[in-house]
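sequence-free structure coming up:
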Ligand SMILES: NC(=O)c1ccc[n+]([C@@H]2O[C@H](COP(=O)([O-])OP(=O)(O)OC[C@H]3O[C@@H](n4cnc5c(N)ncnc54)[C@H](OP(=O)(O)O)[C@@H]3O)[C@@H](O)[C@H]2O)c1
């Protein structure tokens, strides 16, 4: 990847996207220009980050150089967006935003001299197992699309969507980890109630979920087939499922996903 890249907000998610590209030598740290807000972060990255990148504090001397890069990865928090002021000379340059809930329309208003791309990714990207949804703005060339996809494909699996599906993608993939964490917590508490130590109960639940997901993926079983396999007449599992159906767990999960998507739309 030969283009110079600017990273506006070199925080957790930006590091998760960029570091594997350095690790695999697909990107040279000397070609990456990063901005952070505070002196503390600047010094921390200079001292502790394993690669020698060009790093600047926002609005400091020399920091305007980031606007010369052909591609900018915008990765500040949504509430910090108001502090970013576009300085742009070349209308062919790209701005790729990973800000949750910030629409292409809002990005284009804020960065009128860029071609904008809206990306949604999720927290497992920090271990290279992310899911990334991309919505292309207008006039992005095929070469530019390939370049952007290469940025994300080392840390995540990529899906391309029309923008109106990005909110539901975000809801399923970005709120999903919190929903799964809650389910793990609740099932572990079930084990605890039955007398298991908390740590052991959590370990059993986590391994059970990993094993179940692997089984589904490796055997191509449908969820209905798997459910039928472990549910015998008059047995323990149907007794558990009956409680969950009675308490509307299925409907609660559907409503949770729809609600997160609606909330995301409110941020546009
Ligand atoms: N966390 C998630 O689960 C997740 C998942 C997917 C996508 N996202 C999206 O990813 C984005 C980044 O999230 P994150 O978790 O990586 O946040 P983060 O770790 O807080 O990183 C934000 C970065 O932006 C910098 N920054 C703040 N104001 C700035 C300014 N005016 N100019 C330049 N840099 C500035 C911060 O610098 P300082 O450290 O100096 O303040 C920090 O380096 C968010 O918009 C979020 O919606 C997050």
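Everything's here; your move. Fair warning: this is a prediction, and the values are worked out from it, not measured in the lab. Numbers count the residues shown, from 1 in each chain.

quick one: residue 22 and residue 51 touch, right?
Yes. Counting by C-beta atoms under 8 Å, residue 22 does reach residue 51; the two are 4.9 Å apart. To be clear about C-beta, it is placed using only N, CA and C from the backbone, and glycine gets the same treatment.

Mutual contacts of the two, please.
residue 29 (C-beta atoms under 8 Å, 6 or more residues apart in numbering).

Leaving out chain neighbours, which residue sits closest to the closest residue to the ligand within the chain?
Closest residue of the chain to the ligand, C-beta to the nearest ligand atom: residue 11 (1.8 Å). Excluding its sequence neighbours, the residue lying closest to residue 11 (C-beta to C-beta, 6 or more residues apart in numbering) is residue 75, at 6.2 Å.

do the same with residue 149
Distance criterion C-beta to C-beta, 6+ apart; nearest residue to residue 149, sequence neighbours excluded, is residue 158 at 5.6 Å.

In what element of secondary structure is that neighbour found?
Using DSSP states H and E, residue 158 maps to strand 156-160.

hmm, who's touching whichever helix or strand comes after that strand?
Going down the chain from strand 156-160, the next helix or strand is helix 166-170, by DSSP H and E. With contact meaning C-beta under 8 Å, 6+ apart, helix 166-170 is reached by 100-101, 118, 120, 133, 135, 159, 161, 257, 260-262, 264-265.

and if we set it to 6 Å?
The contact list for helix 166-170 (C-beta atoms under 6 Å, 6 or more residues apart in numbering) reads 120, 133, 135, 261, 264, 265.

give me every residue that touches the second one.
Right, residue 133. Residue 133 touches 120, 159, 161, 166, 169, counting by C-beta under 6 Å, 6+ apart.

The last one: neighbouring residues, count only.
It refers to residue 169. Residue 169: 20 surrounding residues under other C-beta atoms under 10 Å.
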